[in-house]
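# Got a sequence here, can you model it:
(one chain, ligands or ions: 1)
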Amino acid sequence: MKNDPSNAAPGSLEAVRRFVDTHDIYNGRDALADVESATACLVAEGLLGKGRPMTAHDLSVLRDLRVALREMAAANTMGEQPPHEAVDAFNDLTAPHALSVRLDTGHGSVAASLQPREDGVGGVVAALAAAVHEAVLMGTWTRLKSCDNPECRWLFYDESRSRTARWCSMRGCGSMVKARRYRDRQRGRAADAL
Ligand SMILES: [Zn+2]
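Predicted coordinates:
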């Protein structure tokens with residue numbers, strides 16, 4: 001997993017970003033490739049505790065949720081509404097897993113958060129759903145984006161004032177995509193000249 005600190009999202013949204021980026025498309029690596037590696041990855045991320053072992057069904061839920069989250073983030077990149085299929089998939093995959101409201105006091109104020117009611121993968125799904133919920137309320141959700149380089153699609157947090165960042169890194173993917181478009185245009189001109 002790349003660990004560019006400039007990609008990091010604030011608060012619990014960072015767990016969502018890191019979860020989706022368990023599929024590193026550019027480098028062809030998938031930490032959720034099988035039950036064993038997925039368990040190890042989620043434990044290392046602090047999302048999954050010890051308990052019921054992950055099943056093949058659990059893994060398919062996680063992978064489907066990851067696809068839905070990436071599609072919604074890709075819509076954020078384009079400043080568009082998320083596709084209905086992705087929203088429906090998110091709702092269907094997260095609905096079975098309960099959350100409860102938790103209040104905490106400190107620093108003279110009350111903080112409220114949603115806490116998973118389950119252990120295991122159900123709790124992971126619920127925690128990710130809670131993080132998305134919080135980000136939507138905080139207005140940070142639309143800054144979570146998927147890199148517009150189709151070979152990359154890395155999730156990053158857009159901290160730009162204009163909220164118009166499209167690539168995980170301008171020096172990397174941004175310049176790669178621009179160079180490719182330039183080459184394509186030159187090729188087009190060369191073909192027109194024939
Ligand atoms: Zn990228």
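# after the strand or helix carrying residue 102 comes which helix or strand?
Here residue 102, judged by DSSP states H and E, is contained in strand 99-106. On the C-terminal side of strand 99-106, the nearest following helix or strand under DSSP H and E is strand 109-116.
# now for that next one, which elements pack on it?
strand 99-106, helix 120-138 (3 or more CB pairs under 8 Å, 6 or more residues apart in numbering; DSSP states H and E). The C-beta positions use only the backbone N, C-alpha and C, and glycine is treated the same way.
# near the ion, which residues of this structure?
Contact residues, the chain versus the ion (CB under 5 Å from the ion): 147, 149, 152, 154, 168, 173.
# If you count neighbours, what's buried in stretch 123-133?
Buried residues in stretch 123-133, counted by 16 or more other CB atoms under 10 Å: 123-133.
# any idea how far the least confident helix or strand in the chain by mean pLDDT is from the chain center?
Within the chain, no helix or strand scores below helix 175-193, which has a mean of 80 by mean pLDDT, DSSP states H and E. Distance of helix 175-193 from the chain centroid (CA atoms, centre = their mean, to the nearest Å) equals 31 Å.
# What is it packed up against?
Packing contacts for helix 175-193, counted by 3+ CB pairs under 8 Å, 6+ apart, involve no helix or strand.
# In the biggest helix by length in the chain, which of the residues would be classed as buried?
In terms of residue count, the longest helix belonging to the chain (DSSP state H) is helix 56-77. Neighbour counts over helix 56-77 (16+ other CB under 10 Å) mark 58-59, 61-63, 65-77 as buried.
# Reformat the residues of the chain next to the ion as JSON lines; add pLDDT.
Listed next are the residues of the chain next to the ion as JSON lines, based on pLDDT from 0 to 100:
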{"residue": "147", "pLDDT": "96"}
{"residue": "149", "pLDDT": "94"}
{"residue": "152", "pLDDT": "94"}
{"residue": "154", "pLDDT": "95"}
{"residue": "168", "pLDDT": "92"}
{"residue": "173", "pLDDT": "91"}
